[in-house]
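**Student:** sequence and predicted model, in that order:
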Amino acid sequence: MSRDQLIGCGLLIVSIFVIIVYVWLVWFPLWKGLDILLLKLTGTVAVIGVFGILGWIGYTLATTPPPKPIEEIEKELEDELKKLEKELNEEESKEKKETEKKIKRT
C-alpha cells in the first residue's frame, strides 16, 4: 500500500470510530445532560464554521477593489493594437526603403 492509501484507510477508520462514539453518546449518554451538551457543542461548531466562512467571503468581497469596466479594457486593447499596427507599418516602411536602396545600387 502507498502512503496515501494508508492515510486514507486511517482517516476512514477514525471517521467511523468518531461517528459510532458520537451516535452512542447522543442516544445513550453516560451522564445526565451529556447528550444536550454534545448537541449544543456540535451546533456551536457548525454555526461558527459556516458563518466564519461566510464572514471571510464577505471580508474578501469588501476589501477587494472592483474590476475595471469592460469599456476601459476594450479601449486599452484598441490603443495597444493601434500602437502595434503603427510600429508594424513603420517597420514595413523601413524595409521597403532599404529594399529600394538595394535595388537602386544593383
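**Tutor:** Ah, there it is. As the structure is a prediction and not an experimental result, all values here were calculated from the model.

**Student:** so, low pLDDT: which residues of the chain?
**Tutor:** 106 (pLDDT under 70).

**Student:** remind me, longest helix of it?
**Tutor:** helix 70-105 (DSSP state H).

**Student:** which SS class is residue 66?
**Tutor:** Assigned with DSSP: H, G, I helix; E, B strand; the rest coil, residue 66 falls in the coil class.

**Student:** please report the distance of it from residue 73.
**Tutor:** 13 Å (Cβ to Cβ, to the nearest Å). Placement of C-beta: from N, CA and C, glycine included.

**Student:** quick one, domains of the protein?
**Tutor:** What the record gives for the chain is the domain set 1-64, 69-106, from automatic domain parsing.

**Student:** endpoints of the first one, how far apart?
**Tutor:** Terminal residues of domain 1-64 lie 45 Å apart, using Cα to Cα, to the nearest Å.

**Student:** off-centre distance for that domain?
**Tutor:** Distance, stretch centre to chain centre, for domain 1-64: 24 Å (Cα atoms, centre = their mean, to the nearest Å).

**Student:** perfect, that will be all.
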